[in-house]
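Engineer: Need a 3D model of the sequence below.
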Amino acid sequence: MKNHFTFTIKSIPFNEHYQPSENTRTTTNFANLARGQSRQENLRNTLNMINNRFNALAHWDNPTGDRYSVEIDIISAEMNIDTPGTGSAIPLIEILKTQIIDHKTNERIDGIVGNNFSSYVRDYDFSVLLQAHNKDSAEFSLPETFGDLHGQLFKCFVNSSSYTDNFHKPPVICLSVSSNKTYHQTENQHPVLGVEYQQDEHSLTDDYFKKMGLSVRYFMPPQSVAPLAFYFSGDLLRDYTALELISTISTMDTFQKIYRAEIYNANSAAGKSYQPSLKHQDYSLTRIVYDREERSQLAIEQGKFVEEHFIKPHHALLEQWSSQYAL
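Structural biologist: Residues are numbered from 1 along each chain as shown. Take a look at the predicted model:
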């Protein structure tokens, strides 16, 4: 059953010349930044923010604050059903790969793969399946086996030769904390990740990522104003170097300042007890144009796309595979 699916990895640089390909997933984040009259300025400013954030965190042996820069590749994983090249491939997952340039030593250092996470099947689960399931319900509930297929597909990808031949460490996904939960500051502090937060119960996203084989911890890095959610397998604090972790923090803290300015570009930092809110008014805007409403619309469109081209036509195969797949 496992041999029904193979993966093809494609890579495109995310730089000031980035233009979304018509043949790959219409990502709800990066394509949004790369459209319109401000596209090049958007991209250039975003990359400058990432580099500045990286150097502020990697401040040792870096007196002028310009020792490092970060290069980013958008990694698209296409899943081929039965036989590659038959035309039955779907752009399943999109993640980011960071690479660190040390201008003092002229070294190129691998960063972390993962960071951002986009998935057609997740769009389907949250924007189509979950919405339809609760449409006429007075009380919110989850469909049976919600997230099971997506979790198994993700684990299948991470354990595939396509992933292990290209990437040497498991992915780390870094997302916004949930606005539905309260986070409590702990005494634990990491020199790079910052102050750790905990919450009493997992969010829906936390549980969804758990089915992908990923645990979660929440840290507020130095000079940040809100904790980030880090999803990982293994040991987050031990398995990755300081520079690797900084590459993820600088990249995703920057994107969250753009996407979730009310939380991550707030004018005051999270306290010991913290509940994020997108209704918060005391925040600053970046100079980067971002259309949050379009992002929500695209999630629905892409969820319907995967329903039509993947879920429905391959329903029997997916159901059989999902019931038998085990790592």
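Engineer: neighbours of Pro143, just the number please.
Structural biologist: For Pro143, the count of nearby residues is 13 (other CB atoms under 10 Å). (C-beta placed from N, C-alpha, C; glycine too.)
Engineer: how about it, what does it touch?
Structural biologist: 129-130, 133 (CB atoms under 8 Å, 6 or more residues apart in numbering).
Engineer: will you turn those residues into a markdown table that also has distance to Ser203?
Structural biologist: Below are these laid out as a markdown table (distance: CB to CB, whole Å):
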| residue | distance to Ser203 |
| --- | --- |
| Leu129 | 18 |
| Leu130 | 14 |
| His133 | 18 |
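Engineer: just the residues you listed now: which is nearest His309?
Structural biologist: Leu129 (15.3 Å; CB to CB).
Engineer: what pLDDT does that closest one get?
Structural biologist: What the model reports for Leu129 is a pLDDT of 91.
Engineer: Surely it forms part of a helix?
Structural biologist: Yes. Assessed by DSSP: H, G, I helix; E, B strand; the rest coil, Leu129 belongs to a helix.
Engineer: That one: neighbour count?
Structural biologist: 19.
Engineer: same deal with Glu201?
Structural biologist: If you count neighbours by other CB under 10 Å, Glu201 ends up with 9.
Engineer: Could you do Ser233 as well?
Structural biologist: By other CB under 10 Å, 16 other residues sit near Ser233.
Engineer: do the same with Thr182
Structural biologist: As a burial measure, Thr182 scores 14 neighbours (other CB under 10 Å).
Engineer: what about stretch 267-284, distance to the chain center?
Structural biologist: 22 Å (CA atoms, centre = their mean, to the nearest Å).
Engineer: Report the buried residues of that stretch.
Structural biologist: By neighbour count on 16 or more other CB atoms under 10 Å, the buried set for stretch 267-284 is 270, 274, 276, 280, 283.
Engineer: what's the helix or strand for the most centrally placed residue in the chain?
Structural biologist: For the chain, the residue sitting closest to the mean C-alpha position, by CA atoms, centre = their mean, is Asn116 at 2.2 Å. Asn116 belongs to strand 107-119 when assigned by DSSP states H and E.
Engineer: again, but for Leu317
Structural biologist: Going by DSSP H and E, Leu317 is in helix 315-324.
Engineer: helices or strands up against that helix?
Structural biologist: Here helix 315-324 touches helix 148-158, going by 3 or more CB pairs under 8 Å, 6 or more residues apart in numbering; DSSP states H and E.
Engineer: What mean pLDDT does the helix it packs on get?
Structural biologist: 93.
Engineer: Show me what Ile100 is bridged to.
Structural biologist: Beta-bridge pairing for Ile100 (DSSP bridges): Val70, Ile109.
Engineer: Relative to Asp239, how far out is it?
Structural biologist: For Ile100, the distance to Asp239 equals 17 Å [CB to CB, to the nearest Å].
Engineer: if you skip the residues just before and after it, what's nearest to Lys155?
Structural biologist: Using CB to CB, 6 or more residues apart in numbering and skipping residues adjacent in sequence, the residue nearest Lys155 is Gly213, 5.0 Å away.
Engineer: cool, and Arg217?
Structural biologist: Arg217 sits nearest to Phe230 (CB to CB, 6+ apart), 5.4 Å away.
Engineer: Could you look up the SS state of the one you found?
Structural biologist: Quick answer, by three-state DSSP: Phe230 is strand.
Engineer: Surely it touches Pro221?
Structural biologist: No. The criterion here is CB atoms under 8 Å, and Phe230 misses it with Pro221 at 10.2 Å.
Engineer: Which neighbours do the two have in common?
Structural biologist: Leu193.
Engineer: thinking Gln152 is in contact with Tyr325, fair?
Structural biologist: Yes. In this structure, Gln152 is within contact of Tyr325 by CB under 8 Å, at 4.8 Å.
Engineer: Which residue of the two possesses the greater neighbour count?
Structural biologist: Ranked by neighbour count (other CB under 10 Å), Gln152 and Tyr325 place Gln152 first, with 22 against 18.
Engineer: mind checking how far that one is from Gln320?
Structural biologist: Counting by CB to CB, the gap from Gln152 to Gln320 is 12 Å.
Engineer: same thing with Ser118?
Structural biologist: For Ser118 relative to Gln320 (CB to CB), the value is 27 Å.
Engineer: do the same with Val192
Structural biologist: According to CB to CB, Val192 stands 44 Å off from Gln320.
Engineer: What score does Asn32 have for pLDDT?
Structural biologist: Asn32 is given a pLDDT of 61.
Engineer: How about the one 4 residues further on?
Structural biologist: Confidence per residue is given as pLDDT, and for Gly36 that number is 61.
Engineer: ok so, going back, show me which of Ser118 and Gln320 is the more surrounded one.
Structural biologist: Legend: neighbour count by other CB under 10 Å for Ser118 and Gln320, higher for Ser118 (22 against 12).
Engineer: Is Thr251 in a helix, a strand, or coil?
Structural biologist: Three-state call for Thr251 (three-state DSSP): helix.
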